[in-house]
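Peer 1: Here's my sequence, what's the structure:
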Amino acid sequence: MKRAFFRRCGHAPPEALAPEDQAVVDAFRALLAARKNPQAWTPGCNQDAAVRVGPFIERVRPRPGDDHGPDLIAVCLEHPGYPYTPYPHRYTRKGWLRCETKAILGVWNPAYQMLTHAAAGLDLPDDVGMAPALYGVHVEARRKNNRGYILLRLGPYTQARHTDRDVDRLSAHLEGKADTVLPGFTLTVKGAVFDVSDHLAYCDPYEADALALLAAAVGREGATDIPGRGAPVT
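Peer 2: Now for the predicted structure:
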């Protein structure tokens with residue numbers, strides 16, 4: 001008895017994939033396209049970005065107003081489905097972090113979702129390769145019309161209690177003379193978020209005493225004919 005063998009012609013159309021299989025193929029193709037031609041992320045573009053965390057890719061959201069730095073910005077890690085997918089309990093928030101702009105792969109693309117820790121059912125590691133974007137202290141100088149500028153920026157502080165300590169020390173130092181230290185201005189001390197994008201404008205409070213840094217800042221302003229060249233305050 002002769003057995004018949006059937007072969008598929010090389011030009012025959014492939015069998016149609018099941019819808020769920022086709023969805024996987026489409027997602028993988030979208031991922032390849034996104035990795036090959038990522039959309040460039042630029043400072044101040046107000047878009048979520050993709051960064052590498054170990055062998056994974058994660059979604060980060062820039063902090064509003066702190067995403068314009070050419071080398072560093074502040075971001076927080078977001079679940080890849082944000083804001084439509086609630087945070088799983090195992091997907092831990094890390095708070096605001098300092099992110100080098102050179103580490104950004106591009107604008108976040110939903111196709112990257114399959115490359116995240118969440119897609120693998122994993123928690124974020126303790127070390128995500130980004131230091132916390134912590135706290136700062138601002139000493140503001142204002143005229144009687146309430147217009148002014150930031151005389152001194154201190155930061156980053158690693159703990160909120162350190163920020164509170166220097167706010168209290170500086171405020172106590174200025175008590176009774178806040179409007180005479182710098183002629184024409186009244187000085188006020190405030191705790192603030194550390195502005196990563198302007199990190200070069202800050203003085204490190206752990207390398208020098210806050211009171212000495214304030215005295216130096218006042219001395220520089222007193223030596224110029226046009227005080228008030230710092231960042232404006234509203």
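Peer 1: buried ones in stretch 38-48?
Peer 2: Residues of stretch 38-48 classed as buried under the neighbour-count rule (16 or more other CB atoms under 10 Å) are 38, 41, 48. All C-beta spots, glycine's among them, are computed from the backbone N, C-alpha and C.
Peer 1: For the last one, which residues are in contact?
Peer 2: Same thing as residue 48. 59-62, 78, 107-108 (CB atoms under 8 Å, 6 or more residues apart in numbering).
Peer 1: By pLDDT, give me the weakest of the buried residues of stretch 38-48.
Peer 2: Lowest pLDDT among the buried residues of stretch 38-48: residue 38, with 79.
Peer 1: about what we covered before: put together TSV for the contacts of residue 48, with pLDDT on each row.
Peer 2: Formatted as TSV, the contacts of residue 48 follow (pLDDT from 0 to 100):
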residue	pLDDT
59	92
60	92
61	90
62	90
78	86
107	93
108	93
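Peer 1: tell me the two of those residues that are most distant?
Peer 2: Across these, no pair lies farther apart than 78 and 107, at 13.6 Å, counting by CB to CB.
Peer 1: More neighbours: these two, which one.
Peer 2: residue 78 (20 against 16; other CB atoms under 10 Å).
Peer 1: That one: what's it in contact with?
Peer 2: Under the criterion of CB under 8 Å, 6+ apart, the contact list for residue 78 reads 48, 59-61.
Peer 1: Determine the longest strand present in this structure.
Peer 2: strand 148-157 (DSSP state E).
Peer 1: Next secondary structure after it?
Peer 2: helix 160-174 (DSSP states H and E).
Peer 1: follow-up on the earlier one: tabulate the CA atom coordinates of the longest strand of the chain in CSV.
Peer 2: This file holds the C-alpha atoms of strand 148-157, laid out as CSV (Å, rounded to 0.1, in the frame of the first residue of the first chain):
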residue,chain,number,x,y,z
GLY,A,148,12.5,89.2,45.6
TYR,A,149,14.9,86.4,44.9
ILE,A,150,16.5,83.4,46.4
LEU,A,151,19.7,84.5,48.2
LEU,A,152,20.9,81.1,49.3
ARG,A,153,20.1,77.5,48.5
LEU,A,154,21.2,74.7,50.7
GLY,A,155,20.9,71.0,49.8
PRO,A,156,20.5,68.2,49.2
TYR,A,157,19.6,67.1,52.8
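Peer 1: Let's test this: mean pLDDT of it, rounded?
Peer 2: Throughout strand 148-157, pLDDT has a mean value of 94.
Peer 1: which helices and strands does it pack with?
Peer 2: With contacts taken as 3 or more CB pairs under 8 Å, 6 or more residues apart in numbering; DSSP states H and E, strand 148-157 sits against strand 135-142, helix 160-174, helix 210-222, strand 232-233.
Peer 1: Can you list the strands that the first one pairs with?
Peer 2: Going back to what we said before, that points to strand 135-142. Here the strand partners of strand 135-142, with direction, are listed using DSSP bridges: strand 148-157 (antiparallel), strand 186-193 (antiparallel).
Peer 1: Now do the longest one against helix 160-174, angle only.
Peer 2: Comparing the axes of strand 148-157 and helix 160-174 via axes from the mean of the first three to the mean of the last three CA atoms, to 10 degrees yields an angle of 140 degrees.
Peer 1: deepest of the helices and strands packed on strand 148-157, which one?
Peer 2: Highest mean neighbour count among those (mean count of other CB atoms under 10 Å): strand 135-142, with a mean of 23.
Peer 1: Return the distance of stretch 127-134 from the chain's centre.
Peer 2: Mean C-alpha position of stretch 127-134 versus that of the full chain (CA atoms, centre = their mean, to the nearest Å) differs by 9 Å.
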